[in-house]
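# this is a predicted model, with the sequence first.
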Amino acid sequence: MKDFIAIADFSAGQLEALLARASAEKARFVSGELPATCPRKTLALVFEKPSLRTRVSFATAMVQLGGSSIYLAGEQIGLGEREPVTDVAAVLGRMCDGIAARTFAHETVVELARCAAVPVVNALTDYSHPCQAMADLMTIAERGAGPAGATLAFVGDGNHVARSLASACTTLGMDFVLACPPGYELDAEFASSLAGRPGRFEQTHDARAAVAGATVVYTDTWVSMGQEAEKARRVAAFEDFRVDEALMAAAAPGTPVMHCLPAYRGVEISAGVMAAHAETIFTQAANRLHFQRALLNALIAEGGIG
Ligand code: CP
Ligand code: NVA
């Protein structure tokens, strides 16, 4: 597999192998023994949306592997406007050794992967965020909270982060429950694609019931990048889905809370819950870097995920 576009493209065994590699990368990082496996390699970072974690983790990972990265903001290259996605892919594929792309339309990343001769990584689209899900599964395993036999309750929007987490959890034997207001569920086509997976997929409108059965509680912003015009409607709709002290009282004592960040304290998560779970949440962010190195080693240094 040349690219990393969707969790669903990979078997449980392939995902487990990637997670094991990420843990090994973290151990090497801690002991200061990172080999330069990508010398003189360059990664193009094509970003149509803002980013802190994803951009910094890819750029830092490339430096740590002995290579470098080039940040290309969407408006600077005019993806699909100044020139077609196919031409951008053809050019970057002839100059760079890989492309990490954050786009609005998921089809843009798919088209880049189809047309570029080099690996393409989904760095978040409106549809999915697979690198986030992998770093999160790594964090869950480190906490001894799964995946096998455990339940992740995602309280919030049925968005790209939820979709990739649902895909990763259910593939790896972890139950996934989305608690959201009516109208904000994950789409039926995606939901039916998860039937028969080792982990169970469920959607509910009862946040208390979801967290009561959870091994891990997860949340994300109610208003994702590109949805700013819907902010008032969304904030009103999600009022009963805030991960706060009152909701967490329904969870088993000690249940970890996760957040992909950026977090909006007092909106989707209370300041107190955020502070109480900061160690887990910032470990999720740190693990983005270790997973990114594992992924770039597989795709760029070794030519793909077997
Ligand atoms: N969690 C995440 O992807 O953060 P950024 O949007 O800052 O990259
Ligand atoms: N869902 C949020 C955070 C993604 C990392 C957004 O898209 O803004």
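Yep, that arrived. Ligands and ions are numbered 1, 2, ... in the order given.

# tell me which element A101 falls in.
Secondary structure assignment for A101, by DSSP states H and E: strand 98-102.

# alpha carbons of that strand, as CSV, please.
Listed next in CSV are the C-alpha coordinates belonging to strand 98-102 (Å, rounded to 0.1, in the frame of the first residue of the first chain):
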residue,chain,number,x,y,z
GLY,A,98,6.0,12.1,-0.2
ILE,A,99,2.9,14.3,0.3
ALA,A,100,0.9,14.9,3.5
ALA,A,101,-2.3,16.7,2.5
ARG,A,102,-5.0,18.4,4.7
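
# show residues contacting that strand.
Strand 98-102 is contacted by residues 41-49, 51, 54, 58, 69, 89, 92-93, 108-109, 112, 116, 118-125, 296, 299-300 when judged by Cβ atoms under 8 Å, 6 or more residues apart in numbering. Bear in mind the C-beta positions are built from the backbone N, C-alpha and C, glycine included.

# for that strand, what is the average pLDDT?
Averaging pLDDT along strand 98-102 gives 98.

# what's downstream of that strand, the next helix or strand?
Using DSSP H and E, the helix or strand that follows strand 98-102 in sequence is helix 106-115.

# enumerate the positions of that following helix that are buried.
Judged by neighbour count (16 or more other Cβ atoms under 10 Å), helix 106-115 contains these buried residues: H106, T108, V109, V110, E111, L112, A113, C115.

# what of stretch 277-288?
H277, T280, I281, Q284, A285, N287, R288.

# save those as TSV, and put in distance to F201, secondary structure and pLDDT too.
Supplementary listing: these in TSV, determined by distance: Cβ to Cβ, whole Å; DSSP: H, G, I helix; E, B strand; the rest coil; pLDDT from 0 to 100:
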residue	distance to F201	secondary structure	pLDDT
H277	24	coil	98
T280	23	helix	98
I281	24	helix	98
Q284	22	helix	98
A285	26	helix	98
N287	24	helix	98
R288	25	helix	98
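
# just checking, what packs against the one helix or strand in the chain whose mean pLDDT sits lowest?
The least trusted helix or strand in the chain, going by mean pLDDT, DSSP states H and E, turns out to be helix 74-77, with a mean of 91. If contacts are counted by 3 or more Cβ pairs under 8 Å, 6 or more residues apart in numbering; DSSP states H and E, helix 74-77 sits against strand 42-47.

# report all helices and strands that the strand it packs on contacts.
Contacts defined by 3+ Cβ pairs under 8 Å, 6+ apart place strand 42-47 against helix 53-64, strand 68-73, helix 74-77, helix 85-95, strand 98-102.

# pick the most deeply packed of the ones you listed.
Mean neighbour count, computed with mean count of other Cβ atoms under 10 Å, is highest for strand 98-102 among the helices and strands packed on strand 42-47, reaching a mean of 28.
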